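sharing a model prediction with you, sequence too.
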Amino acid sequence: MIITLSAAANNLKKVSEQSEEYARLIMEELDPNNLGYIELYNLEMLLLQAPSQSMGIGTTNSRNLSQMLSQHLRPTAEPNPLRRWYRRASYFLEDNWRRCWVILLWLSICVGLFTWKFMQYRERAVFKVMGYCVCVAKGGAETLKFNMALILLPVCRNTITWFRNRTAAGRFVPFDDNINFHKVIAAGISVGAGLHIISHLTCDFPRLLHATEEEYEPMKRFFGDDQPPNYWWFVKGTEGWTGLVMLVLMAIAFTLAMPWFRRGRLSLPKPLNRLTGFNAFWYSHHLFVIVYALLIVHGHFLYLTKKWQKKSTWMYLAVPMVMYACERLTRALRSSVRPVKILKVAVYPGNVLSLHFSKPQGFRYKSGQYIFVNCAAVSPFQWHPFSITSAPQDDYVSVHIRTLGDWTRELKNVFSKVCRPPTEGKSGLLRAEYDRDVGAMSNPSFPKVLIDGPYGAPAQDYKQYDIVLLVGLGIGATPMISIIKDIINNMKRLEGDVESGNPGDASTSASFRTRRAYFYWVTREQGSFEWFRGVMDEIAESDKKSVIELHNYCTSVYEDGDARSALIAMLQSLNHAKNGVDIVSGTRVKTHFARPNWRNVYKRIALNHREQRVGVFYCGAPVLTKELRDLAQDFSRKTNTKFEFHKENF
C-alpha cells in the first residue's frame, strides 16, 4: 500500500503495477533469515540511506566545484556605465556577429532601394500632383518586390543543406536561423506593403481625384484623357483588384501563421475552430502561389510606368521563383523514385509513434539531420519534418513522432489500426513488424509513406567538437539519440582499426573528433523512457570506456531528499544493485529525480575540460533555450572552457 501511494504521488504508474515485486525486494533485503517480518527501525534506516547518499554526493560535488570556480564566476559590477554598455555590446556582437551582418546587409539593401526609388520619383512630373506620397508608395513597392523575391530563399532547404554540407559558408552565414530570417523578411514585406497601400489610398488617389484640370494635364498619358471620377475607378482596374486580392490573401496567410493559430492555442467555436492548427497554416501558406501570380500581373499593369524594360517585378522574382520551383520538383521526384518500405511500427506511452523504414538506395545522412514524411492516408499534400533517430550506419531509417497536432494525431490513429499488442519481450503499447521470412499475405498492410531529405540541422555539426553536451527535452531527444548511436559506432570502428593495425579511412577519422559526450534527457512521464529503452541499454553495455555519460531526469518525481520520493529512491537503489535495472526508466541507466541543476552541469564540464571547446546542442521546447544559452555565454566568458550553444526548437 505504501509503495502504491508513493508511486501515485510521483506519477510512476509502472512502479505501482509492480508494487508486490518491490515489496518482496524490501523483505529480501531486510529479512535475510526469512523470519516473515522486519523491524520498523531497519526500514527507517533503509529509507534514509539512499536519499542521504545522493544528497551527500551532490552537495560535496557542488561545494567543491563552487569553491574552485567561485573566483572566476563571481560577478563584478562595472561602475562606469559606458564601459558596462561597451562590454554588453561586445558580448552581444561576439555571440551574434553572423546574424548581425546578415540583418545589416538586408536592411542596407532595403533602405538603398527605398531611397533610390524615392529620389527617382522626386524628379518626375507626378510629384507635382501627388507629392511625397507617391515617392513613399513607390519606395515601399521597391522593397516589397525585393523581399517577395528574397523570402523564398530561406525555405529552399536543399540549397541550404548543400551549402552547409559542401562549403565553408556556414562559418559566416547562420543557416540554422533560416526560418527566423524568413519571418524577418515577412515583417519587411508587411512594412513595404503598408507604405505602398496606405500612401496610395490615403494620399495619392485623393490628390489625383481632386486635382485641377491644369494639374491633371501631365497625368493624361498615365490615367487617360478623362480624370478618374471616384475610388471605384481605381478598384475595378487590373492594378486595383489585383492589389486588393493580394492584400486579403497575404493577411490571411500572415494571420494563420501566428503561433496562436498555427499551434492551436485559440479556442474558437465551430466552424471557426478549423482556422486553428497546422492544417490551416499549411494550406493558407500555399495561397502565396496565387499571390505571386497576381504580383506579376500587378507589376505589369502599372499606372505610372508603361515601358516594359522599366517594369522590374518579374526581374526580381524570376530567379528565386525558378529556384523554389526546382526545389519542390526535386522533392517530388526524389520522394517518388526512392520508395520506402515500412519495417516496423510501434506506439509508445506518451502518444509517440515510432516508424522504421527501409533505407532507399543512395540515401546518405548525418546524425542530427531530419527528413520530411508524407502519408497519403492522412493527407496527400502535407509533408512534416521529423528528426532521424537512427544512426547513419544502420540499415534502416527511423523517426519518433509525438502527437502534438491534428496531422500527427491522425497519423497515429491510421497506424494504430494495423498494430497489435506486443509479444513477450517487445516494448511499446502496440506493435507491428514486417517479416521477410513469411509471405506477403501474412504481413500487415501498412499505409503508404513517402520520405524526403535529408536536410541540415544544427545538431549535425557535433563532430566539430571534442566534447559535446547534448540536451533533449521530451521528444527533443530524437536527434541526440542518433548522435550518441553514431558516436558509439565511430568509436567501435576506430578501436577496431587500431586493434587490427589498419589505420582505416583517414578522412573519416579526421572528421570525427568527439571523444566525450554528456547526454541529459529531461522528460515528464515515466513511460517516455520506453521510447529509447533499447538504445540506452545498448550504450550502457557497449560503452566500455565511458565515452558517453547518460543522465535521465524524470520531472514528475520529487527531488532527492524529499520525503515523498524517499521510498522510490530506496527501491531504485535496491533494484539497481540486484538486477542492474532502474525501476523508473526500465533501463540500465539510473534515473535522476526532478530537474537538473544546469549551472552545476556546466560547472562540472568546465572543471573536467579546461581550455577546450564544448559544443552544447539543445532540442526541445523554447522554455530551456534562454537558460542554457545564458549559461554557455557566462561560462565561456568567465572560465577558460568555451561553450558554443546550438538549439533546435519545435
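Right, received. Where do you want to start?

CA only for contacts and neighbour counts going forward, please
Will do.

flag every buried residue along the helix or strand hosting Y602.
Assigned by DSSP states H and E, Y602 belongs to helix 598-608. Buried positions in helix 598-608, judged by neighbour count with 16 or more other C-alpha atoms under 10 Å: 600, 602-606.

so C619, which of the three states?
Taken by DSSP: H, G, I helix; E, B strand; the rest coil, the conformation at C619 corresponds to strand.

that one and K647 touch, don't they?
Yes - in this structure, C619 is within contact of K647 by C-alpha atoms under 8 Å, at 5.8 Å.

quick one: which of these two has more around it?
Between C619 and K647, C619 has the larger neighbour count (other C-alpha atoms under 10 Å), namely 25 against 21.

can you give me every residue that contacts the more buried one?
471-473, 476-477, 479, 647-650 (C-alpha atoms under 8 Å, 6 or more residues apart in numbering).

one more time with 10 Å, if that's ok
458-459, 470-480, 625, 646-650 (C-alpha atoms under 10 Å, 6 or more residues apart in numbering).

for it, give its distance to R493.
Going from C619 to R493 by C-alpha to C-alpha, to the nearest Å gives 27 Å.

the host helix or strand of A293 - contacts with which helices or strands?
Assigned by DSSP H and E, A293 belongs to helix 288-300. When contacts are defined as 3 or more C-alpha pairs under 10 Å, 6 or more residues apart in numbering; DSSP states H and E, helix 288-300 sits against helix 132-150, helix 238-256, helix 313-337.

residues of the longest one that come out buried?
Which is helix 313-337. Those would be 313-314, 316-317, 320-321, 324, 327, 331, 335, for helix 313-337 by 16+ other C-alpha under 10 Å.

now do the second one
For helix 238-256, the neighbour count (16+ other C-alpha under 10 Å) marks 238-240, 242-243, 246-247, 249-250, 253-256 as buried.

next SSE after that helix?
Following helix 238-256 in sequence, per DSSP H and E, is helix 259-262.

I'd like the mean pLDDT over the helix or strand just after that following helix, please.
Next helix or strand after helix 259-262 toward the C-terminus (DSSP H and E): helix 278-285. Throughout helix 278-285, pLDDT has a mean value of 84.

show me what helix 278-285 is in contact with.
249-250, 252-259, 261-264, 273-275, 379, 381-383, 404-408.

tell me the angle of it relative to helix 238-256?
Angle, helix 278-285 to helix 238-256, by axes from the mean of the first three to the mean of the last three C-alpha atoms, to 10 degrees: 160 degrees.

okay, buried residues for helix 278-285 please.
Along helix 278-285, these residues count as buried under the neighbour rule (16+ other C-alpha under 10 Å): 278-282, 284-285.

how far does that helix sit from the chain's center?
Helix 278-285 sits 18 Å away from the centroid of its parent chain (C-alpha atoms, centre = their mean, to the nearest Å).

run a quick check on I484 versus S542, I expect a contact.
No - look at I484 against S542 with C-alpha atoms under 10 Å: they stay out of range, at 11.8 Å.

show me which of those two is the more surrounded one.
I484 (26 against 12).

can you give me the strands for the protein?
342-348, 352-358, 370-375, 384-387, 396-402, 430-433, 449-455, 467-473, 516-523, 548-554, 591-593, 613-620, 642-649 (DSSP state E).

what pairs with the fourth one, and is each one parallel or antiparallel?
Strand pairing for strand 384-387, determined by DSSP bridges: strand 370-375 (antiparallel).

tilt between the strand it pairs with and strand 396-402?
Going by the same axes, to 10 degrees, strand 370-375 makes 80 degrees with strand 396-402.

still on that earlier bit, what do C619 and K647 both touch?
Taking C-alpha under 10 Å, 6+ apart as the contact rule, C619 and K647 both touch 458-459, 471, 625.

tell me the buried residues within those residues.
Buried among these by 16+ other C-alpha under 10 Å: 458-459, 471, 625.

quick one: the residues you listed as TSV, columns for pLDDT and distance to A141 too.
What follows is the buried ones among the shared contacts of C619 and K647, written out as TSV (pLDDT from 0 to 100; distance: C-alpha to C-alpha, whole Å):
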residue	pLDDT	distance to A141
P458	87	35
A459	88	39
V471	93	45
T625	90	37
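
the helix holding A293 to helix 313-337, inter-axis angle?
Inter-element angle recorded for helix 288-300 and helix 313-337: 160 degrees (by the same axes, to 10 degrees).

circling back: which of the shared contacts of C619 and K647 sits closest to K426?
V471 (27.2 Å; C-alpha to C-alpha).

thought the closest one was touching G620?
Yes - the criterion here is C-alpha under 10 Å, and V471 meets it with G620 at 8.4 Å.

give me the common contacts of these two.
477, 522, 647.

returning to that earlier point: for the buried residues of helix 278-285, which one is nearest K117?
H285 (29.8 Å).

how about the helices of the stretch 401-550 of the chain, start to end?
Counting by DSSP state H, counting those that start in this stretch, one finds helices in the stretch 401-550 of the chain at the ranges 406-416, 478-500, 506-511, 533-542.

of the contacts of C619, which count as buried by neighbour count?
458-459, 470-480, 625, 646-648.

quick one: T143 from L195, how far?
According to C-alpha to C-alpha, T143 and L195 sit 10 Å apart.

between those two, which one's more packed in?
When T143 and L195 are compared for neighbours, T143 comes out ahead with 27 against 20, by other C-alpha under 10 Å.

for the helices and strands packed on helix 288-300, which one sits closest to N178?
Across those, closest to N178 is helix 132-150 (C-alpha to C-alpha), at 11.6 Å.

which other helices and strands contact the closest one?
helix 81-122, helix 127-130, helix 178-199, helix 205-209, helix 288-300, helix 313-337.

now the angle from it to helix 81-122?
Using the same axes, to 10 degrees: helix 132-150 against helix 81-122 is 110 degrees.
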